[in-house]
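Q: any chance you could fold what I've pasted below:
(chains A, B, C and D)
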Amino acid sequence: MSTETVREYLTEEEEDRIGLHTQEMILNMGPSHPATHGTVKFTLRLEGETIRDLDPDIGYLHRGFEKMCENATYTHAFPYTDRLNYCSPFINNVGYALAVEKLLGIEITERCKYVRTIISELHRISDHLTCLAATSLELGAFTVFLYGVQSREEIYVLTEEICGARLTVSYVRIGGLTDDLPESFADHWKLVKRRLDKNLYDIDKLIGRNRIFIDRMQNTGILDTETAISYGCTGPFLRACGVEYDVRDAAPYLVYDRLDWTMPTGTRGDNWDRFLIRLAEIEQSISMIDQCIEQMPEGPVRIDDWRVVLPPKDEVYNSIEAMMAHFKLIMEGLKVPPGEVYSYTEGANGELGFFIVSDGSGKPSRVHVRPPCYHLVAALPEIMRGKLIQDLVPTFDTINMIGGEIDR
Amino acid sequence: MKQPLRPKSERAKPFERREMTFAEKLFYPAIWEGLKVTTKHLVENIFGRKHTVTLEYPEVQRPYPERFRGQHRLMQRDDGSPRCVACMCCSTACPSNCITIVAGERPEETIEKFPMRFEIDLLKCIYCGMCVEACPCDAIRMDSGVHPKPTYNRQAAIIDKEGLLAAGAKTIATQGGTFGSRVAGHLKKHI
Amino acid sequence: MQAYAHRGDECVVVARDQLVAVATHCRDEPSMHFDMVVDITAIDHLETFDEFRFEVVYHLYSLPHKHRLRIKVRLDEDDVHVPSVSGVWKGALWTERETYDMFGILFDGHPDLRRLLLYPEFEGHPLRKDYGFADIQPLVPLTDIGVPMSLGTPFAGTNRERGIAVGEGTSAAGKALIPQTTAFKPDVVYK
Amino acid sequence: MTAQVVEALVHAAIKFAILVPGFVLALAALMSWIERRQSAMIQDRVGPNRASIGGVRAWGLFHIIADTLKFALKENIVPRGSNPLLFRLAPFMAMAPALIVFAVMPVGPTNRWVVSNLDVGILFIFAIGSLSVYGATIAGWSSNNNFSLLGALRVSAQMISYEVSLALNLVGVFMVFGSINLQTIIEGQGALLGGVLPKWGIVVQPVAFFLFLAASIAETKRTPFDAPEGEPELVSGYFTEYSGLALATWFLTEFAAVIMVAMMATAVFFGGWQIPWLPPTPALVATWWFQIACVMAFFAKTLFFVWVQMQLRWTLLRMRYDQIMTMGWKYILPISLANVLVTGLFLLLTR
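A: Numbering: from 1, shown residues only, chains lettered A, B, ... in the order given. Got it, this is the predicted structure:
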């Protein structure tokens, strides 16, 4: 079976020569289309089944994240960041908090670092599972999809136990967290892990070595390494091309330098590599969470600075100093010294950057987010030109575009 | 530009791509493996629902965890009046501006302010929990364990002071800076 | 040219006409080798500075050397042209489009400068400080479906764009009303 | 003469009226429930079980009625710019052949149990069955929708390609049993090989059976060969624009095709109405209870194959369109040709 599906289309002269005249077809895939989970429109120029050109039209979920942040205090931005990458809201929370903390120049507590690592990895698993499950769904394996989201459901239940909400977590605060991890976390995590193992085993049996799946994934959606770098692609996409780049490794934040983990990289940069990398990263994340639970020290999860974090409740109830700090912080917002900072973390799809400019008031002057999948979707026309329309589906899925993140 | 410069990392571990074996190339063995998994699930779910994860919702309900951020409630004083002193902290902290408070004056009492109106528009609310965090007197909480219910009109989604108070209870949180208040630190936020 | 560092982020301010030269140098010089433009965005300094209004910000990253650099170009309010670096890094294609969309900054030499996140009929540029938080857009008349896109031409270069409102609504009075804030002091200033 | 013709026609009509609405359509309706409940059980869900009459849920069986009502009550939308006549005609152009083919299927041991025992039985199935492709193609073309058009192109290419392989797979069986009359083939499968093994088609032609299964699933356009209606890229392929009862007609057509494939597999490869190790002697065949038992056996085997197809549907994923074509022309077709060759050689040498 032919694995290479690159087909050059005929030029007009060649068409004239062989007497075959074809007409291009414009196909609008989206904005509401089964393949475009999230909302995105692809305008395809097709020649038969071959894509001649592709124009991704994003912005259907644009809700003015950056403008809203300019009109809110620094703490108010947390619910907005929840909705950026809705598959892994914890990572966005952590990324934003780290950016503001970098601008403030404060150091968070040890336990908080571990908790943040745990929740980041937890939601990295959730994000990767969503991606894997959605990829299988788009290729017709509905059963695999449901096994995948079953495990994700377990993670959501765990998330709800941690912070009280399944998706819109708003768990992280500048200088710490809203609350410590619940006591039952470690036990509950073991249950989640068992379920995850079981479901991943079933998924592997169903599609892991199934030729139909492998044929769909291998040698499709390839972007060569130079172009990928030039486009600014990061994350599993770039690692699938064989580039050993991971923010957790290149510029370790939180406690990633204290953990023992490996960075899986691919060789060819096709969909299959991305799929395998995500699977391998789920394993790595599981091991990282286990290590964190082992190493995690006791202690507070918030720093002891009432100019940044809210004082403890009983202090607020009973002492005038705490009460005043509380009021100042709520009414005026967190005062961040003027400056500008670009902070980067490893989101589930790649480098998640926050660029924050402060003018010294309680509201940020500018918040800009660099969504990781933005640059991947920008490269999509380059990947898909000359390929079959059916290859668009797994490619788009392994790119893992998240509407909330790319449209902001 | 075309320099083969690549970042190198100790952690990196390229994985091997296993080529398909002849048996795998024949399609049928892998299909057989898949059929075994699905048939196992089918049989075990028909006879005993071993793996079934779906809850049949209205009859069976999953308990919400302790920290679940549900519908709001207003806590009461001992005489049943709201603990709220209309300090506007929650409405300021609310990112979606869903809390409306109109303060009233109580000249004869030591606590001078009270909320004449306290309304939460549940359609605007995003259940982030920031109002609870912002409350300096443990007056508003989201631990009712009730999730927001759909309504037939927008007006019904606005709950007023009475509705919030009805869901509330008395709290043991002491407040007011009495002598020895630092000792009260062990008192938990939740009852 | 001016260089400083703040919180460990190195930043260089370059003149507009040297931008492409600097960018190419940054990419090709082996000791710098910035092979990736991580992000391009802009800042509107309407409230802060008088001498310039916009800063276009380029974040560069070098994969092999693992270092980062921020390049800034300062623009005046009535001349918002900046040369495009999309010929240097392809990652600039969309980020420049978005910056144009949000700030109305024109990138000369960009092959396909259309709106990205917003629709073509959008009036104004929302991330400018003079675009109000609650400004309302006019309704776009329903276009006839079934208007085919012109075949043959690539997507680039469709003249669906409106004129760009430059500096609309800014006035000296508006600037004077803005409260003075403390000035930004970088940690290190390179001479 | 005319009276005989009329009588034969009336008999055939009565049999057809019993077989098709009584079994095929009833099973097709039931399959809409089976498919959903079975997939639910595979996927650790519960599936539809809420429709109830007077509080009786009956495992969701009433969903069949609810679905039918829902389809019937929905508006039949004809899209703007389409060809209304062809658009309305297309589902029936697809459904009619899919139902007519059941006329030659012998479900029991005597001629009483077949609507019309044609000598060219299986050729009739291919000839009529392949007309279904017109319905699908016209549906896609007349919808005035690019997705439908692409789906129509895919479906016509795919169905025509797999027609060839499908027929060639059965050639080996015809050679073994020396007939293309389905009743003769089934009767031929009653013998025992070496006194132990029933001489079923799968025993004498195993390769042909597996290829037949693949090719026939491709004919029914179900997973893994459902690129023509490939949901993620073509929404629903050639029937994207259909709604209401017209959409239900497409589902019915698909289910009828599934039943047909199951019956074909039963008749050709699994002994048809033969009960294993119970050879149909003329004395036995004359008894009514044996005939009923044979019919039951036939339907039981058919149900088994329906189940197998459902199970495959929820286990596998979709192939790419060019992979489907490659598989059909470069793999299934040569192997079935080789199979015919080997069978011929074997028969030649052993005779």
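
Q: could you use CA atoms for every contact and neighbour count after this?
A: OK.

Q: wait, A:Y114 touches A:V255, no?
A: Yes - counting by Cα atoms under 8 Å, A:Y114 does reach A:V255; the two are 6.5 Å apart.

Q: those two: which has the busier surroundings?
A: Neighbours per residue (other Cα atoms under 10 Å in any protein chain shown) separate A:Y114 from A:V255, with A:Y114 holding more: 22 against 16.

Q: against B:C137, how distant is that one?
A: As judged by Cα to Cα, to the nearest Å, A:Y114 and B:C137 stand 31 Å apart.

Q: so what's C:T24 up against?
A: Residues in contact with C:T24 (Cα atoms under 8 Å, 6 or more residues apart in numbering or on different chains) are C:V88.

Q: also C:L60?
A: So C:L60 contacts C:F34, C:D35, C:M36, C:V37, C:V38, C:D39, C:R68, C:L69, C:R70, C:I71 (Cα under 8 Å, 6+ apart).

Q: want to throw those into CSV with pLDDT and secondary structure?
A: Formatted as CSV, the contacts of C:L60 follow (pLDDT from 0 to 100; DSSP: H, G, I helix; E, B strand; the rest coil):
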residue, pLDDT, secondary structure
C:F34, 86, coil
C:D35, 86, coil
C:M36, 87, strand
C:V37, 88, strand
C:V38, 88, strand
C:D39, 88, strand
C:R68, 87, strand
C:L69, 88, strand
C:R70, 88, strand
C:I71, 89, strand
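
Q: now, which of the residues you listed lie close to chain A?
A: C:D35, C:M36, C:V37, C:V38, C:D39 (Cα under 8 Å from any Cα of the partner chain).

Q: the third one: how many residues sit nearby?
A: The reference is to C:V37. Residues near C:V37, counting by other Cα under 10 Å: 29.

Q: and what of B:E56?
A: 12.

Q: do stretch A:97-105 and chain B meet?
A: No - using Cα under 8 Å from any Cα, stretch A:97-105 never reaches chain B; the gap is at least 15.8 Å.

Q: is that stretch in proximity to chain C?
A: Yes - using Cα under 8 Å from any Cα, we find that stretch A:97-105 touches chain C at A:K102, A:L103, A:G105.

Q: what residues sit buried inside that stretch?
A: A:A97, A:L98, A:A99, A:V100, A:E101, A:K102, A:L103, A:L104 (16 or more other Cα atoms under 10 Å in any protein chain shown).

Q: hmm, who's touching that stretch?
A: For stretch A:97-105, using Cα under 8 Å, 6+ apart, the contacting residues are A:74, A:107, A:172-175, A:336-337, A:339-344, A:354-356, C:7.

Q: can you redo the buried residues of stretch A:97-105 as a markdown table with pLDDT and secondary structure?
A: As requested, these are arranged in a markdown table below (pLDDT from 0 to 100; three-state DSSP):
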| residue | pLDDT | secondary structure |
| --- | --- | --- |
| A:A97 | 90 | helix |
| A:L98 | 90 | helix |
| A:A99 | 90 | helix |
| A:V100 | 89 | helix |
| A:E101 | 89 | helix |
| A:K102 | 88 | helix |
| A:L103 | 87 | helix |
| A:L104 | 86 | helix |
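
Q: dump these into TSV; add distance to D:Y331 as well.
A: Formatted as TSV, these follow (distance: Cα to Cα, whole Å):
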residue	distance to D:Y331
A:A97	57
A:L98	57
A:A99	57
A:V100	60
A:E101	62
A:K102	61
A:L103	63
A:L104	66
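
Q: C:L75 looks like it's in a strand, true?
A: Yes - counting by DSSP: H, G, I helix; E, B strand; the rest coil, C:L75 falls inside a strand.

Q: nearest spatial neighbour of the residue most central in space within chain A, chain-adjacent residues omitted?
A: Closest to where the C-alpha atoms of chain A average out (Cα atoms, centre = their mean) is A:A348, at 3.5 Å. Spatially, and ignoring its direct neighbours in sequence, A:A348 is nearest to A:R124 (5.3 Å; Cα to Cα, 6 or more residues apart in numbering or on different chains).

Q: any idea what that neighbour is structurally, helix, strand or coil?
A: From three-state DSSP, the assignment for A:R124 is helix.

Q: my guess is it meets A:Q284, correct?
A: No - the pair A:R124 / A:Q284 is not scored as a contact, 10.2 Å apart, by Cα under 8 Å.

Q: report how many residues lie close to the nearest residue to A:E298 once chain neighbours are set aside.
A: Closest residue to A:E298 apart from its sequence neighbours, by Cα to Cα, 6+ apart: A:R111 at 6.3 Å. Residues lying near A:R111 (other Cα under 10 Å) number 21.

Q: isn't there a helix covering A:R111?
A: Yes - the assignment for A:R111 by three-state DSSP puts it in a helix.

Q: quick one: low-confidence ranges for chain C?
A: C:143-186, C:190-191 (pLDDT under 70).

Q: neighbouring contacts of the longest strand anywhere in chain B?
A: In chain B, taking DSSP state E as the definition, the longest strand is strand B:113-121. Contacts of strand B:113-121 with the rest of the structure, by Cα under 8 Å, 6+ apart, involve B:82, B:84-86, B:98-106, B:157-161.

Q: ends of stretch D:273-290, what's the gap?
A: Stretch D:273-290 end-to-end distance (Cα to Cα) = 10 Å.

Q: how about stretch D:326-340 as CSV, C-alpha atoms only?
A: In CSV, the C-alpha atoms belonging to stretch D:326-340 read as follows (Å, rounded to 0.1, in the frame of the first residue of the first chain):
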residue,chain,number,x,y,z
THR,D,326,-5.3,0.3,-3.2
MET,D,327,-6.5,-2.5,-1.0
GLY,D,328,-9.3,-3.4,-3.3
TRP,D,329,-7.4,-3.4,-6.5
LYS,D,330,-3.9,-4.4,-5.4
TYR,D,331,-4.5,-6.9,-2.7
ILE,D,332,-8.0,-8.3,-2.6
LEU,D,333,-8.4,-8.7,-6.3
PRO,D,334,-5.1,-10.5,-7.0
ILE,D,335,-5.5,-12.7,-4.0
SER,D,336,-9.0,-13.7,-5.0
LEU,D,337,-7.7,-14.4,-8.6
ALA,D,338,-5.0,-16.5,-7.1
ASN,D,339,-7.6,-18.3,-5.0
VAL,D,340,-9.6,-19.1,-8.1
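
Q: is that stretch up against chain A anywhere?
A: Yes - Stretch D:326-340 comes into contact with chain A (Cα under 8 Å from any Cα), by way of D:T326, D:M327, D:K330.

Q: which one of the residues of stretch A:97-105 next to chain C is nearest to chain D?
A: Closest approach to chain D among those (Cα to the nearest Cα): A:K102, at 42.8 Å.
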